[in-house]
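A.B. asks: Generate a structure from the sequence data that follows.
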Amino acid sequence: MTRSPPRKTMRRGVLMTLLQQSAMTLPLWIGKPGEKPPPLCGAIPAASDYVAKPGDKVAARVKAVDGDEQWILAEVVSYSHAANKYEVDDIDEEGKERHTLSRRRIIPLPQWKANPETDPEALFQKDQLVLALYPQTTCFYRALIHAPPQRPQDDYSVLFEDTSYADGYSPPLNVAQRYVVACKEPKKK
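C.D. replies: Numbering: from 1, shown residues only. All right, here's what the predicted structure looks like:
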């Protein structure tokens, strides 16, 4: 059965709105004086033995149909300790695309926003290489931090790698803290 196109675009809009809301409702980490921000606060990575829970949002590295690798926004379905693998659903495919991926292909998204005023060290700094969710998509792309958030409710300003621009980067775009993670990929030679 083919679905009529208009409904799909609406669904897309709904998805984008949900992603925005999810970013805004991410709780702000407020530590006691002298307390260090925990793993998954802002730019602080998960502990090495951390396992994302079902329902958690993650960046997942999947093989696309054309064999290319890409980082997508996905939701954890389950984790097998025996196999050391996650099952995740592509957020965009309404549960049609299920991927089984090894742990190193998963990056948990932050669970708290870092407060630039109290925990600036928990934020990515200017010129750091990150993976950021491209606005209005569900894919993460490599980007450079143009400016970290100044206030708790602020987004990052990032420059996405983009070969269609002379210097190889897009103009600055805003991406919420929830959707910016450390880039695990080695620089392309």
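A.B. asks: what packs against the longest strand seen in the chain?
C.D. replies: In the chain, taking DSSP state E as the definition, the longest strand is strand 69-80. Using 3 or more C-beta pairs under 8 Å, 6 or more residues apart in numbering; DSSP states H and E, the elements in contact with strand 69-80 are strand 57-63, strand 85-90, strand 139-147. C-beta coordinates here come from the backbone N, C-alpha and C atoms, glycine included.
A.B. asks: Parallel or antiparallel, which strands does that strand pair with?
C.D. replies: strand 57-63 (antiparallel), strand 85-90 (antiparallel), strand 139-147 (antiparallel) (DSSP bridges).
A.B. asks: re the thing from before, how about JSON lines for the helices and strands packed on strand 69-80, with mean pLDDT added?
C.D. replies: Formatted as JSON lines, the helices and strands packed on strand 69-80 follow (pLDDT from 0 to 100):
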{"stretch": "strand 57-63", "mean pLDDT": "95"}
{"stretch": "strand 85-90", "mean pLDDT": "96"}
{"stretch": "strand 139-147", "mean pLDDT": "97"}
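A.B. asks: Make JSON lines from the strands paired with strand 69-80 and add mean neighbour count and distance to residue 15 to it.
C.D. replies: As requested, the strands paired with strand 69-80 are exported to JSON lines (neighbours: other C-beta atoms under 10 Å; distance: least, C-beta to C-beta, whole Å):
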{"stretch": "strand 57-63", "mean neighbour count": "20", "distance to residue 15": "12"}
{"stretch": "strand 85-90", "mean neighbour count": "20", "distance to residue 15": "11"}
{"stretch": "strand 139-147", "mean neighbour count": "20", "distance to residue 15": "13"}
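A.B. asks: Reformat those as CSV; add distance to residue 131.
C.D. replies: Shown next, in CSV, are these (distance: least, C-beta to C-beta, whole Å):
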stretch, distance to residue 131
strand 57-63, 6
strand 85-90, 16
strand 139-147, 4
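A.B. asks: if we look at the longest strand of the chain, which residues are touching it?
C.D. replies: Where contact means C-beta atoms under 8 Å, 6 or more residues apart in numbering, the residues beyond strand 69-80 that reach it are 19, 51-64, 85-92, 98-99, 106-107, 131, 133, 138-141, 179.
A.B. asks: Please consider this matter closed, and thank you.
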